[in-house]
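Peer 1: sequence below, structure please.
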Amino acid sequence: MAFLRIKCITSSDGSKTCYTYLVKNYWDKQKKQSRQKVIKYLGKTYGLNKIITKNIFQRDGYKCKNCNGKFELTIDHIIPLTKGGTNDESNLQILCIVCNSRKGIMETLPIPLTDYQAKLV
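Peer 2: As a prediction, the model looks like this:
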């Protein structure tokens, strides 16, 4: 049976980084003890606690909301903090690095005006 393992590290400046893995228990015959083997590295998150991170990954099925990818996952704010968003679970989603970068680029690109809109300005 595989389960989620989240390891959080606090840096010297007080910021938290959580690394999320899918792990599986197995019996080590040589050491005669139960061990954990990392099946897959899922991604890392910044500034969120373990419980919120675990809930978001479980809710979104351990895959990217856009492309259903299962590697290099990050937790993304649907509405960015700079635009009034919060760290509430309802404002967070799982995206892979590629989709997260694409989303950031699309938010910063200016939307060209149509001919009709240009006449109004």
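Peer 1: list the contacts of the closest residue to Phe71 other than its chain neighbours.
Peer 2: For Phe71, the nearest residue in space outside its immediate sequence neighbours is Cys96; the separation is 6.7 Å by Cβ to Cβ, 6 or more residues apart in numbering. Placement of C-beta: from N, CA and C, glycine included. Under the criterion of Cβ atoms under 8 Å, 6 or more residues apart in numbering, the neighbours of Cys96 are Gly43, Cys64, Asn66, Cys67, Gly69, Phe71, Glu72, Leu73, Thr74.
Peer 1: any of those buried? List them.
Peer 2: When neighbours are counted using 16 or more other Cβ atoms under 10 Å, the contacts of Cys96 contain these buried positions: Gly43, Cys64, Asn66, Gly69, Leu73, Thr74.
Peer 1: how close does the residue nearest to Phe71 sit to Ile39?
Peer 2: If you measure Cys96 against Ile39 using Cβ to Cβ, to the nearest Å, the figure is 18 Å.
Peer 1: repeat for Gly69
Peer 2: According to Cβ to Cβ, Gly69 and Ile39 sit 16 Å apart.
Peer 1: and Phe71, by the same measure?
Peer 2: Counting by Cβ to Cβ, the separation of Phe71 from Ile39 is 12 Å.
Peer 1: now swap in Lys31 and tell me
Peer 2: Taken as Cβ to Cβ, the spacing of Lys31 relative to Ile39 amounts to 20 Å.
Peer 1: then Lys50?
Peer 2: When Lys50 is compared with Ile39 (using Cβ to Cβ), they lie 19 Å apart.
Peer 1: which helix or which strand is home to Phe71?
Peer 2: Per DSSP states H and E: Phe71 is located in neither a helix nor a strand.
Peer 1: in strands only, show me the buried ones among the contacts of Cys96.
Peer 2: In strands, judged by DSSP state E, the following of the buried ones among the contacts of Cys96 are found: Gly43, Leu73, Thr74.
Peer 1: looking at this protein, which helix or strand is least sure?
Peer 2: Across the helices and strands of the chain, mean pLDDT, DSSP states H and E gives its lowest value to helix 115-120, namely a mean of 56.
Peer 1: coming back round to it: in TSV: the ones in strands among the buried ones among the contacts of Cys96, plus pLDDT and distance to Lys54.
Peer 2: As requested, these are exported to TSV (pLDDT from 0 to 100; distance: Cβ to Cβ, whole Å):
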residue	pLDDT	distance to Lys54
Gly43	75	13
Leu73	83	13
Thr74	81	15
